[in-house]
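1. Below is the sequence, then the predicted model.
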Amino acid sequence: MKNKVLIGNGQGFWGDSILGPIRLLREGPLDYLTLDYLAEVTMSIMQKLRQRDPKAGYATDFVTLIDRVLPELLEKKVRVVANAGGVNPHACKDALLEVCRKHGAKGVRIAVVDGDDILPNLDDLIGGGEEFTNLDTGAPLADVRSRVTSANAYLGAFPIAEALNAGAQIVVTGRGTDPGLVLGPLIHEFNWGQEDWHKLAAGTVAGHIVECGAQCTGGNFTDWRSISNLSMVGYPVLEVEPSGDFCVTKHEGTGGLVSVETVTHQLAYEMGDPARYLTPDVIADFTSFRLSQEGENRVRVSDTRGLPATETYKVSMSYSDGWKSVGQLTISGPDALAKARLCAKIVWDRLAYDGCQYEPQERLEEYVGAGECHAGLPGGTSEDPPEVVLRLGVKGPDKAKVMRFGPELVPLVTSGPPGVTGFAGGRPKAQEIIGYWPALMKKQLIQPNVTVVTS
Amino acid sequence: MPTVPLHRIAQARSGDKGEGSNAGILARSQTAYAFLAETLTEERVQEFLKEINQGGVTRYLAPNMLVLNFLLEDSLGGGGSASLKTDAQGKTHGIGLLRMELDVPDEVLNATPAPPT
């Protein structure tokens, strides 16, 4: 058993910079590279892509990345765990096999972890007594059942460990917990058991700290003036010990900062009840551990406590929830705000003339630059900004009515007050709103699968 | 007692959480944490953010991290992809809360390092 495992996370979300993982591989030692590609609405977008093309529905960015770094991965023997599989992890695996062929790389073991997709048997599960009541609102699933477009359980870390036990160098998963990408390799390396609650909790905390990439190494940090070289910010690297205690750091010479404060910023991100951070593997107590600065850019996290996991998986469903359209114009001064308000009135008046009236909760008026993000807060607004970005938007179940809005924005350039500009990108289009439906289901109703292939 | 912005004695990180957001307030010292645990109540945050958050506010404490975590129930204009707002993920709610003006005793200020300027 190793006395220390090095895990770097190079991707915080689908759309994060490809330089994160490339530089992690290039700039210092690493045993594992983890990559988080899935947000809540991502699965629904992927489901749509798959409906159009049976070979689509995964994070293609991941395949692009592996194409760029495969020789380095093989040379340095770095193992990769990524939730890039989306709703079609086997198609992702096939694309990776193709990349291996292209590079002439034989004998690369690639594993797929799936079984999270419950959309095909959703009605059977409902028939068997699962209610899938909305965790946030308490509403019954029947409200949206006919419009559900994806349904996935968040699997835990043990199937990832199983894939690594089988010798996989690259593990591709569908929907799983974000911290599980880190916890899986730790279970594999240190042989942690299903009831090692404190260790599983420690690995979960470690995974949570790095899951948003540079958000724990100086990105999005309150005291931004104290952070040097964000251009070349180092993505986080964990040094984890068999006990579960670990150090958060980054590679030597990279930009950014790892301090108790930067790490605590990330610990507070998307936090609910800190004493009960629920995953399928454990309940981690974020009020239990100790944080200490053990050296420059090194923060130690020790003595994490955990409680037995619950009997349920969290399920994330998405459903079609109507349409929206948003557009913007820039209005220069003098009197920028007053003119922007007039512009908004003109748009709503013209739409009303043509039979399109939107309820207050179906429309948006924002005056960006005059104080939208911090409306009503001291110092958060200005009555006379030199210029304003007017953002207007509508939403609702009627696609035609939502679409009618877009064409009435640009005419303001010639038929509104003076100083209206900044219209680029064409008319705003109607986009489908993807609703998010969180729920729970009994764990024993699904079985995670692990498949391993060799290039 | 000097009046200072919350920013003087705390940092913040926020993000989306279902239909709402969470704003984690990180005290800049143990003394500041003890002071904020007393004074930065759910009611006070609710009143301060009333134009941003239409729902209730729940506070959780994590003394090991010097964190006060505020859940804002209805702060995203419909939540997630249904929101039309610029800040549909509540990314700016934390630093917005740091704009709150507070009367802070000298002994708390003296024990708390100021942010870099």
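-> Received, thanks. Numbers count the residues shown, from 1 in each chain, chains lettered A, B, ... in the order given.
2. wait, what's in contact with the residue lying closest to A:Ala336 once chain neighbours are set aside?
-> Of all residues not flanking A:Ala336 in the chain, A:Val388 sits nearest, at 4.5 Å (C-beta to C-beta, 6 or more residues apart in numbering or on different chains). In short, each C-beta sits where N, CA and C put it, glycine included. Contacts of A:Val388 were listed using C-beta atoms under 8 Å, 6 or more residues apart in numbering or on different chains, and they are A:330-331, A:336-337, A:340, A:367-370.
3. what pairs with A:Val388 across the strands?
-> On the basis of DSSP bridges, A:Val388 is bridged to A:Ile331.
4. if I look at it, how far off is chain B?
-> 13 Å (C-beta to the nearest C-beta, to the nearest Å).
5. Give me the pLDDT for that residue.
-> pLDDT for A:Val388: 97.
6. Would you mind measuring from it to A:Glu408?
-> From A:Val388 across to A:Glu408, the span is 19 Å (C-beta to C-beta, to the nearest Å).
7. same deal with A:Asp16?
-> 36 Å.
8. now do A:Val205
-> Distance from A:Val205 to A:Glu408, by C-beta to C-beta: 51 Å.
9. Tell me which of these two has more neighbours.
-> A:Val205 (24 against 21; other C-beta atoms under 10 Å in any protein chain shown).
10. Help me confirm that that one comes into contact with A:Phe289.
-> Yes: at 6.3 Å, A:Val205 counts as touching A:Phe289 under the criterion of C-beta atoms under 8 Å.
11. what touches both of these two?
-> Contacts common to A:Val205 and A:Phe289, judged by C-beta under 8 Å, 6+ apart, are A:301, A:304.
12. now the strands: where do they sit in chain B?
-> With DSSP state E, the ranges of strands along chain B come out as B:3-5, B:10-17, B:20-27, B:57-62, B:67-72, B:101-103.
13. Tell me which of these sits nearest to A:Ile209.
-> A:Ile209 lies closest, by C-beta to C-beta, to one member of these: strand B:10-17, at 12.3 Å.
14. contact partners of the closest one?
-> Here strand B:10-17 has contacts from A:215, A:220-223, A:261, A:265-266, A:268-270, A:272, B:21-28, B:32, B:36, B:71, B:76, B:79-80, B:88-95, B:97-98, B:115, using C-beta under 8 Å, 6+ apart.
15. now do 7 Å
-> A:220, A:222-223, A:261, A:265, A:268-270, A:272, B:21-28, B:32, B:36, B:71, B:76, B:80, B:89-91, B:93-95, B:97-98 (C-beta atoms under 7 Å, 6 or more residues apart in numbering or on different chains).
16. what sits against the residue of chain B found nearest chain A?
-> Going by C-beta to the nearest C-beta, chain A is nearest to B:Gly24 of chain B, at 2.6 Å. Neighbouring residues of B:Gly24 by C-beta under 7 Å, 6+ apart: A:268-269, A:271, B:12-14, B:67, B:69, B:94.
17. quick one: contacts for the residue in the stretch 251-400 of chain A positioned nearest to chain B?
-> Closest to chain B within the stretch 251-400 of chain A is A:Ala268: 2.6 Å, counting by C-beta to the nearest C-beta. Contacts for A:Ala268 were tallied using C-beta under 7 Å, 6+ apart; they are B:13, B:24, B:26, B:67, B:69.
18. Return a ChimeraX selection command for the buried portion of these.
-> Buried members of the contacts of A:Ala268, defined by 16 or more other C-beta atoms under 10 Å in any protein chain shown, are picked up in ChimeraX with:
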select /B:13,24,26,67,69
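19. Make a markdown table out of the contacts of A:Ala268 and add pLDDT.
-> Listed next are the contacts of A:Ala268 as a markdown table, based on pLDDT from 0 to 100:
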| residue | pLDDT |
| --- | --- |
| B:Arg13 | 98 |
| B:Gly24 | 98 |
| B:Leu26 | 98 |
| B:Val67 | 98 |
| B:Asn69 | 98 |
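20. sorry, back to before: tell me the most buried of the strands of chain B?
-> Neighbour counts (mean count of other C-beta atoms under 10 Å in any protein chain shown) averaged over each of the strands of chain B peak at strand B:20-27, with a mean of 27.
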